[in-house]
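Colleague: sequence and predicted model, in that order:
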Amino acid sequence: MGRRRKHVGKPNQRRRTARLKRRKAAAGIADLRGQLERCTRELDDSLQQQVATSEVLRVIRQSPADAQPVFDAIVQSASRLCGAIFGVVYLYDGARLQIAATNNFTAAASIHLNEMQQLKRPARSHLGGRAILDCKIVHIPDVLEDPEYSHELALAGGWRAVLAVPLLREGTPIGALTAAKAEATPFSDRQIQLLKTFADQAVIAIENVRLFEAEQQRTRDLSEALEQQTATADVLKIISSSPGELKPVFESMLANAVRICEANFGVLFRSQGNEFYPAAWAGVPREYEEFLRRRGQFHPTDGAPLDRLLKTKRLVFTVDEMAERHPGPAAEFGGARSLIAVPMFKDDDLVGAIVIYRQEVRPFTERQVALVSNFASQAVIAIENTRLLNDLNKLNQQLEQRVADQVSEIDRMGRLRRFLPPQVADLIVASGTEKQLESHRQEITALFCDLRGFTGFSESSDPEDVMALLREYHAAIGGIINSYGGTLERYAGDGVMVVFNDPIPIDNPAIQAVRMAIDMRAAIGELTEKWRKLGHDIGFGIGIAHGFATLGTIGFEGRFDYAAIGTVSNVASRLCDEAKPGQILISPRVLMAVEGAISVEPVGEFKLKGISRPLATYNVLSAISAKI
């Protein structure tokens, strides 16, 4: 019995297990079906969003000069995909807020539109205004719970949840994109991100239009500038090709001014004292042309454009000549309305005026005024050219002779400067005679300087290094020689000789030479320190002597030098040879000339080659008086 009951219970347990498995399987299938449906919806939403953003990008590409189709596409897609009852694109220029595009605006929502149009500036009570003021996304799931939002407006319009994304260009708000839902339910993260994407696309569209308009304006400006430059070049060409003929120049100016400035006609008046007469015109109506011929020279009536120009000596604008108290003949006979009268000045004297007219009320632009002003200047140039042409014809022979003399003098100066020191060449040119080149005797101070150890350096160094060192050396002492007015007698390698008191006289040439030597020692001292760091053991010595010498040119045709020959030159050279690095050795005669102005130390007597007796020598230490 017990065994039979045991077998009876097993089928029931298996049936319960099977039912549990079927239930679990059914639940799993239902869960999978739900997940599949959610995935399908998400994919469908994602696809719709991608299609919408792609469509907006297509509109952006097709409308580079107009952002309105982009705004319309954005608000339509944003409203549809975000489940909103309407969408709005606001634009903000820093002061004024305006609605650029809307979607699904009902009669109730129009209240919002009207209030925004009246507001014309961002406010926190409106969603777009708040997004612009805060420069960030504003999301209000229920506007009735927001104390700053206009509850009256929301109730009248029938919306509860709102979302706004600012349009930012480089961090600066230029508008906002908003969407609103009727029910008080928050926007999803996906919808917020979608609206942000649309806002970015709106900014791209705005920037595209701005860049397109800027490029178009730049193209217009360049075209206008090119046209003006071409017209100016044409006038200049006529001026150069018609010397002495003013009428073709004036007519070309007026024709270009009328055409480029979009005027109807123009007249160029010449002035004599307080009276004017027409010198040329372009496009003038026949009745006004007959009047101009008949009137001839005239004094402008009181208050007329030329009368105001005559009194003020300034450019005259008239917006509407017909509206003036006493319209002039141009209005009466030519139908002139807007005009500008530009004065023509020769220095401070008024010589005429260019007047261009429009037969409609449309003031001229600054660029057009500048063009006519430029033509006025060219007209003065043409008038002056004509006057000068007559004078030039009379002076032609004199000028030819003068030019020939100047060319000869320039050639002579060039020859002198090629083989003489600048002081000598300038003196000869200024005096008009070459007497200074003849041999003569003069008391001078001679300074000789060179580098110690230069021979050894040049033998052991590359030629490029030798030349570089010489360039530094000559540059340092050359400027000092010029500043002290010394005459560079010659230089050979590192050896340089400078003469004072010839050909230009100097009150105390010895003091000038010592002053220059002290400055040279300081300047070359800095260089020798630099050279020492580079491994070059180079010093600098100077010798100065005072006495008489014979000076003049030596050499041959094509290569002359200005030389100082005599004992004084030899003594300066020998003293330089005896000078140790940093020494300035001077002769007794130099010491007598600068005594009391410098500090010296005796060096001893030297037996100098070519000098019969030993010479006492002194080393200059420093200057001790303002005389030096």
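Modeller: Done, it's in.
Colleague: residue ranges of each domain in the protein, please.
Modeller: As given by automatic domain parsing, the domain ranges for the chain are 60-212, 242-377, 428-623.
Colleague: mean pLDDT added to those domains, as TSV?
Modeller: TSV is the format used below for the domains of the chain (pLDDT from 0 to 100):
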stretch	mean pLDDT
domain 60-212	81
domain 242-377	89
domain 428-623	88
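Colleague: ok, the nearest residue to Asn508 once chain neighbours are set aside to His546 distance?
Modeller: Distance criterion C-beta to C-beta, 6 or more residues apart in numbering; nearest residue to Asn508, sequence neighbours excluded, is Ala593 at 6.3 Å. C-beta: built from backbone N, CA, C; applies to glycine. For Ala593, the distance to His546 equals 6 Å [C-beta to C-beta, to the nearest Å].
Colleague: overlap in contacts of those two?
Modeller: 445, 510 (C-beta atoms under 8 Å, 6 or more residues apart in numbering).
Colleague: who has more neighbours out of these two?
Modeller: Neighbours per residue (other C-beta atoms under 10 Å) separate Ala593 from His546, with His546 holding more: 25 against 18.
Colleague: double-check that one against Ile511; I have them as touching.
Modeller: No. Applying C-beta atoms under 8 Å as the test, His546 and Ile511 come out as separate, 10.5 Å apart.
Colleague: how about Arg521, what does it touch?
Modeller: 540, 542, 582, 584.
Colleague: would you turn the residues you listed into a markdown table with neighbour count?
Modeller: As requested, those are exported to a markdown table (neighbours: other C-beta atoms under 10 Å):
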| residue | neighbour count |
| --- | --- |
| Phe540 | 28 |
| Ile542 | 29 |
| Gly582 | 15 |
| Ile584 | 27 |
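Colleague: name the nearest of those relative to Ala18.
Modeller: Nearest to Ala18 out of the contacts of Arg521 is Phe540 (C-beta to C-beta; 117.8 Å).
Colleague: wait, is that closest one part of a strand?
Modeller: Yes. Assessed by DSSP: H, G, I helix; E, B strand; the rest coil, Phe540 belongs to a strand.
Colleague: enumerate every residue touching it.
Modeller: 449-452, 520-521, 524-525, 528, 581-582.
Colleague: who wins for neighbours among these?
Modeller: Result: Cys449 is most packed of those (other C-beta under 10 Å), 27 neighbours.
Colleague: if I look at the closest residue to it other than its chain neighbours, how far off is Glu321?
Modeller: Of all residues not flanking Cys449 in the chain, Ile542 sits nearest, at 4.4 Å (C-beta to C-beta, 6+ apart). From Ile542 across to Glu321, the span is 84 Å (C-beta to C-beta).
Colleague: same question for Leu575.
Modeller: Plainly put, Leu575 is 91 Å away from Glu321 if you go by C-beta to C-beta.
Colleague: contacting residues around the residue nearest to Asn508?
Modeller: Contacts of Ala593 (C-beta under 8 Å, 6+ apart): 445, 508, 510-511, 546.
Colleague: that one sits in which helix or strand?
Modeller: Following DSSP states H and E, one finds Ala593 within helix 588-594.
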